[in-house]
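Participant: Have a look at this prediction, sequence included:
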Amino acid sequence: MAIYNVTDATLKNELQSEGLTIVNFWASWCSDCLIFSPILEAYDAEANKEAKILKANLDDNVQSAAFFGIMSIPATIIFKDGEAVDKEIGVMSVERLKQFIARDR
């Protein structure tokens, strides 16, 4: 599966799906976000379509970030059937990301 970039205008529609959706809030100036990006890509390569992955640039999507209470980045939120069920702040290893996602399946 691919990682999709979303905007304030498209995020709500993208969350209207069944199953797991992972939303990562990030910014280009955030060094931890740049470290986490290839980890998210590695997870996506291994995940075999078990979750849809979305990325939202914090600087370009202020409304979504405010709505979900994003105060620090990288911030990763898991949605199950369109409802937010868990949030994690900071860089995670691929193994930690798998554990984070597995507890909300």
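Facilitator: Looks like it arrived, so ask away. Numbering: from 1, shown residues only.

Participant: Run a quick neighbour tally on I3.
Facilitator: For I3, the count of nearby residues is 15 (other C-beta atoms under 10 Å). For every residue, glycine as well, the C-beta is placed using N, CA and C.

Participant: Please name the residues that touch it.
Facilitator: I3 sits next to 40-41, 44, 53-55 when contact means C-beta atoms under 8 Å, 6 or more residues apart in numbering.

Participant: do the same with I77
Facilitator: With C-beta under 8 Å, 6+ apart, I77 has these contacts: 22-23, 25, 68, 84, 86-87.

Participant: ok so, going back, widest-spaced pair of the contacts of I3?
Facilitator: Across those, no pair lies farther apart than E41 and L54, at 13.3 Å, counting by C-beta to C-beta.

Participant: ok, the contacts of I77 vs S93, which is closest?
Facilitator: Closest to S93 out of the contacts of I77 is I22 (15.2 Å), distances taken as C-beta to C-beta.

Participant: In terms of packing, which of E41 and L54 has more residues around it?
Facilitator: Neighbour count, other C-beta under 10 Å: between E41 and L54, L54 has more, with 20 against 14.

Participant: Report the next helix or strand after the lengthiest helix in the chain in sequence order.
Facilitator: With secondary structure taken from DSSP state H, the chain has its longest helix at helix 31-46. The C-terminal neighbour of helix 31-46 among helices and strands, as given by DSSP states H and E, is strand 51-57.
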